[in-house]
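S.K.: Dropping the sequence and predicted coords here.
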Amino acid sequence: MEDDPSESERGIWKLPMDGSSCLTDSGAGLVLTSPDGWTLEYAMRFKFKATNNEAEWEALIAGLTISKHLEVQKIEASSDSQLVVGLANGEYEVREDPMVKYLSHFQGMKSAFEILRIMKVPRTENIRADQLSKLVTVEELEKNQTMLVDYLDRPTIS
């Protein structure tokens, strides 16, 4: 007898994430939501130059790392990056060196999860993660807010 498909869908955590890169700063934002609605918002500011695609990878890897620490078994990550989603799902061939390293790092993390889906979403459905990724690029964050902001000294793959 087949497992009830709705059974395997139960307990899936959602992970919308986004990377942001501009001339002066780059960062990433993610929103991790449990099946019962508990939410963690997380923002990272990079102390290194990152392309938009590298920032997207950093967002995905950070989200999966946090999920792994929380012992999440089933996760659906969503990104508006066609390239990162395409590479993660094996739909695109990797061409440049940093992307090879990011893809390899990602593939090494996959075994930690029972279900791991990477979905492409329109930017309009990724608004909060996008805001978080840009928030860290503003000069001064408000002092008393209850948001985790991390500073990443170097790329995960270095």
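M.R.: Good, I have the coordinates.
S.K.: hey, let's count contacts and neighbours off CA atoms from now on
M.R.: OK.
S.K.: What residues sit buried inside stretch 29-46?
M.R.: Buried residues in stretch 29-46, counted by 16 or more other CA atoms under 10 Å: 29, 30, 31, 32, 33, 34, 41, 42, 43, 44, 45, 46.
S.K.: Same list, these, but as CSV with distance to residue 100 and secondary structure please.
M.R.: Output for those, formatted as CSV (distance: CA to CA, whole Å; DSSP: H, G, I helix; E, B strand; the rest coil):
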residue, distance to residue 100, secondary structure
29, 22, strand
30, 23, strand
31, 26, strand
32, 26, strand
33, 29, strand
34, 30, coil
41, 28, strand
42, 26, strand
43, 24, strand
44, 22, strand
45, 23, strand
46, 20, strand
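S.K.: Greatest separation within those: which pair is it?
M.R.: Checked with CA to CA, these reach their widest spread between 34 and 46, with 26.4 Å between them.
S.K.: can you tell me which of the buried residues of stretch 29-46 lies nearest to residue 130?
M.R.: Checking the buried residues of stretch 29-46 against residue 130 with CA to CA, the nearest one is residue 29 at 6.5 Å.
S.K.: Sweet, I'm off.
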